[in-house]
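1. need a structure here:
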Amino acid sequence: MVSAVLRSALILQIFSSSFLPIGSLTVPESSEHLVKKSYLLVASNYKVPVGRNRAGAIVTGEIDLIAYDENTLCFVEVKTRSSDKFASPLAAVDTRKQRQITRTARVYRKIFQLNNIKYRYDVVSIILQNEKPPKIDLIKGFWAESKFSKTFWSDDF
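-> Residues are numbered from 1 along each chain as shown. Okay, the predicted model is just below:
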């Protein structure tokens, strides 16, 4: 069972000299959760250059999971916390992170010529619990790309 593997990996992480981020241990668990929900996984940890910053350095975007939910292409961000006492994992999917994922998803759709396809942005929230299986929630349509569309003003009233 993945939960037992996850707990073992976390225990090993505590006692090892090379620490892995918690998120790198839970992407496989979230993948399993999506498959149970009938998602068809396409890619994980998808990285692609999305542009350049003000200093001219290449900016790389990353999407944790890309999957199909029936006929809808889903770009999935996985957020994990050891507890939700301070803040929900969803609080980490702020506007900056949403914009970065949206830019990366646009590049993905352009590369694979997915022009006329339904898509959405989902989030998997994982809260690790002592001695219990992690609490995993899937939030479909957490944000819409239209949130980042430029608005043009008109002189017509």
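2. now residue 46. Nearest residue, chain neighbours left out?
-> In space, residue 46 comes closest to residue 63 once its chain neighbours are excluded; the distance is 4.7 Å by Cβ to Cβ, 6 or more residues apart in numbering. Quick note: C-beta positions are derived from backbone N, CA and C, even for glycine.
3. excluding chain neighbours, what is closest to residue 62?
-> Closest residue to residue 62 in three dimensions, ignoring its sequence neighbours and counting by Cβ to Cβ, 6+ apart: residue 47, at 4.8 Å.
4. tell me how far that neighbour lies from residue 82.
-> Summarising the geometry, the distance separating residue 47 from residue 82, computed by Cβ to Cβ, to the nearest Å, is 25 Å.
5. so those two - more neighbours on which side?
-> For residue 47 versus residue 82, the count of surrounding residues by other Cβ atoms under 10 Å is larger for residue 82: 14 against 11.
6. what is the neighbour count of the nearest residue to that one once chain neighbours are set aside?
-> Here the nearest residue to residue 82 in space, its sequence neighbours aside, is residue 128; by Cβ to Cβ, 6+ apart that works out to 5.0 Å. Here the count is done by other Cβ under 10 Å, and residue 128 has 21 residues near it.
7. all good on my end, thank you.
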